[in-house]
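Student: Sharing a sequence plus its predicted fold:
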Amino acid sequence: MPDNKKYLGMTVYEESGGNFSRVIEEKDLNALPEGDVLIRVQYSSLNYKDALSASGNKGVSRYYPHTPGIDAAGIIEESTAPDLAPGDEVICMGYDLGMNTSGGFGQYIRVPDNWVIPKPSSLTLKETMQIGTAGFTAAQCLLAFEENNVLPSNGPVLVTGATGGAGLISCMLLVQLGYEVHALTGKTDQSPLLKELGVSKVHDRSLGMEGSDKLLLKARWAGAVDSVGGQVLANVIKSMQYDGVVTSFGNAMSADLPLNVYPFILRGVHVVGIYSAECPMERRKTVWKRLASDLYPKKLEQICSSVTLEKVSEAIEQMLAGKLVGRKLVEVDNELSAHLD
């Protein structure tokens, strides 16, 4: 590979006055960080953490200029790792990728070998990024239900933030496994989509705010998947059945949790935190094995749309404005790269 190899990627620059700008530009391969594995990225996906990084959120990315993209799937071009060879199709998600390490919104990444997982043979690279961190998170929620014996026969389950990527995939997987799924969303105009996925009932997010002044609410849910946090999560916890399980992975409303102890000491409610960035490798492999088999989201195409690298900035603005529904696949290695090869 020539020393002056160039590739295309997004760069976020910090401007004067605390402003940030985004451009797609040629980048130097030699400027990538040191690592064991060089991957030519075929696909990435847009996550809320990417939108924050791309808009200058120092809680996500401390240093700029920077290339976001916490998800990447592609083909190894160089490797010093004995179990990862050039030509292998692989996934890299989480850890520091796209936060302070140059991420998947560039046509190349260079990362440590212990960040890389071989692509499951039954999935295409495109499918892995349609699933991405959102689907990986949703699958972990399902595994938490399994591990805590939350069965479809226990009663209905609730998904908050149901039109986001992780919310929609959670709804899809829960329906596939036979649960009665209720969705809580501020985008009730998306009810037809949720019903197409098999959701039994769509609730306006105002339901999640009812009874905020009460210590306990009517026991309704056997399980819940929450990406909202704040008062909605508190009220969901207060609405759980005995031994109900709530999985929590987001703070779209708030990082605060205004709650009392009664759901725990009177109903035995369990709250399971779900994290993906630092998920141990063995658990990653287990989750991806399930996503490639019985937890494959069968209606994935219905909730996914694609955007090229040059158009991803527009999708970022839509996401930050709360106007994006479902998953956004980023086609990284497309016609833009033809003149660089």
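Tutor: It's in.
Student: contacts, neighbours, all on C-alpha from now
Tutor: Will do.
Student: Tell me the predicted confidence for the spatially most central residue of the chain.
Tutor: Computing the C-alpha centroid of the chain and ranking residues by CA atoms, centre = their mean puts residue 134 first, at 2.5 Å. Residue 134 carries a pLDDT value of 97.
Student: Show me what counts as buried in stretch 118-125.
Tutor: Across stretch 118-125, burial judged by 16 or more other CA atoms under 10 Å covers 118, 119, 120, 125.
Student: Remind me which helix or strand the residue nearest to the centre of the chain belongs to.
Tutor: helix 125-147 (DSSP states H and E).
Student: tell me what that helix is packed against?
Tutor: strand 37-45, strand 71-79, strand 89-93, helix 165-176, strand 240-248, helix 281-291, strand 327-331 (3 or more CA pairs under 8 Å, 6 or more residues apart in numbering; DSSP states H and E).
Student: The same query, at a cut-off of 7 Å, please.
Tutor: strand 37-45, strand 71-79, helix 165-176, helix 281-291, strand 327-331 (3 or more CA pairs under 7 Å, 6 or more residues apart in numbering; DSSP states H and E).
Student: With distance to residue 85 added, can I get these in CSV?
Tutor: As requested, those are exported to CSV (distance: least, CA to CA, whole Å):
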stretch, distance to residue 85
strand 37-45, 9
strand 71-79, 6
helix 165-176, 32
helix 281-291, 18
strand 327-331, 23
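Student: out of these, which comes closest to residue 309?
Tutor: Counting by CA to CA, residue 309 lies closest to strand 327-331 out of those; the figure is 6.1 Å.
Student: quick one: that closest one to strand 71-79, angle?
Tutor: 30 degrees (axes from the mean of the first three to the mean of the last three CA atoms, to 10 degrees).
Student: quick one, what contacts the closest residue to residue 268 other than its chain neighbours?
Tutor: Nearest residue to residue 268, sequence neighbours excluded (CA to CA, 6 or more residues apart in numbering): residue 243, at 4.9 Å. Residues near residue 243 by CA atoms under 7 Å, 6 or more residues apart in numbering: 267, 268, 269, 270.
Student: Report the beta-bridge partners for the last one.
Tutor: Beta-bridge pairing of residue 270 under DSSP bridges involves residue 245.
Student: wait, it sits on residue 247?
Tutor: No - applying CA atoms under 7 Å as the test, residue 270 and residue 247 come out as separate, 8.5 Å apart.
Student: which one of the two has more residues nearby?
Tutor: residue 247 (23 against 18; other CA atoms under 10 Å).
Student: does the more buried one really touch residue 272, like I thought?
Tutor: Yes - shown here, residue 247 and residue 272 form a contact pair, counting by CA under 7 Å, at 4.7 Å.
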